[in-house]
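Colleague: the sequence and its predicted three-dimensional model are supplied below.
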Amino acid sequence: MSDKIVEGAKAPAFNLPRDGGGSVSLASLKGKKVVLYFYPKDDTPGCTTEAKDFTKLKAKFKTAGAEVYGVSPDGVASHDKFAKKHELGIPLLADESKKMLEAYEVWKEKSMYGRTYMGVERTTLLIDEKGKIARVWNKVKVAGHAEEVLQACKEI
């Protein structure tokens, strides 16, 4: 992790297409707390659990003044299918170019069963109303994570 994606640093700008059409930019979210949770792949067990957990807490995040977005390298069509299948209420951003994933330093070399490959390291960031990174969670374990992020939203 460089000194770019650390607490207190300015969050890198982005503008990405989202499920259901349209796009979302960091500039359009100024003045709001923003939770970006980066996940590896639509409709896989851990990613589905994480998306459902954030969806369950959507109203509480809203009460805490925070907007939650899932981000993965999957395309909009995949996100639409994933969101519909699991009745997700969290917007999913598509970064097929991986430019945002690289800017946020979550596109990393991973290894499984002795082979290495590039993929998303499950990471969550909380960005404050001024566009600064307030919290970073690296190598996220899904169980209880959405609740932990919600608590952090209430504290900033």
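Modeller: Received it, and whenever you're ready, just let me know what you need. Numbering: from 1, shown residues only.
Colleague: what about stretch 72-79, average pLDDT?
Modeller: What stretch 72-79 shows for mean pLDDT is 98.
Colleague: could you pull up phi and psi at the most centrally placed residue in the chain?
Modeller: Residue closest to the mean C-alpha point of the chain, counted by C-alpha atoms, centre = their mean, is Tyr37 at 1.9 Å. Main-chain dihedrals, Tyr37, degrees, to the nearest 10: phi -110, psi 120.
Colleague: correct me, but it touches Ala66?
Modeller: No. Taking C-beta atoms under 8 Å as the definition, Tyr37 is not a contact partner of Ala66, at 11.6 Å. Heads up, the C-betas are built off the backbone N, CA and C, glycines and all.
Colleague: if we can go back for a sec, beta-bridge partners for the residue nearest to the centre of the chain, please?
Modeller: On the basis of DSSP bridges, Tyr37 is bridged to Gly70, Thr124.
Colleague: and it, what does it touch?
Modeller: Glu50, Phe54, Val68, Tyr69, Gly70, Val71, Arg122, Thr123, Thr124, Val140, Val149 (C-beta atoms under 8 Å, 6 or more residues apart in numbering).
Colleague: and the last one, what element?
Modeller: Okay, so that is Val149. helix 145-155 (DSSP states H and E).
Colleague: each with direction, which strands does the helix or strand of the chain with the lowest mean pLDDT pair with?
Modeller: The helix or strand of the chain with the lowest confidence, counting by mean pLDDT, DSSP states H and E, is strand 107-112 at a mean of 91. Strand 107-112 has the following sheet partners, assigned by DSSP bridges: strand 115-120 (antiparallel).
Colleague: which residues sit against the strand it pairs with?
Modeller: For strand 115-120, contacts defined as C-beta under 8 Å, 6+ apart pick out 38-41, 72-73, 101, 106-111.
Colleague: closest to Glu87 out of those?
Modeller: When the contacts of strand 115-120 are ranked by distance to Glu87 (C-beta to C-beta), Tyr39 comes first, at 17.2 Å.
Colleague: from Gly8, how far off is that closest one?
Modeller: As judged by C-beta to C-beta, to the nearest Å, Tyr39 and Gly8 stand 25 Å apart.
Colleague: what about the strands in this protein?
Modeller: Here the chain has its strands, by DSSP state E, at 15-17, 23-25, 33-38, 66-72, 92-94, 107-112, 115-120, 123-127, 133-137.
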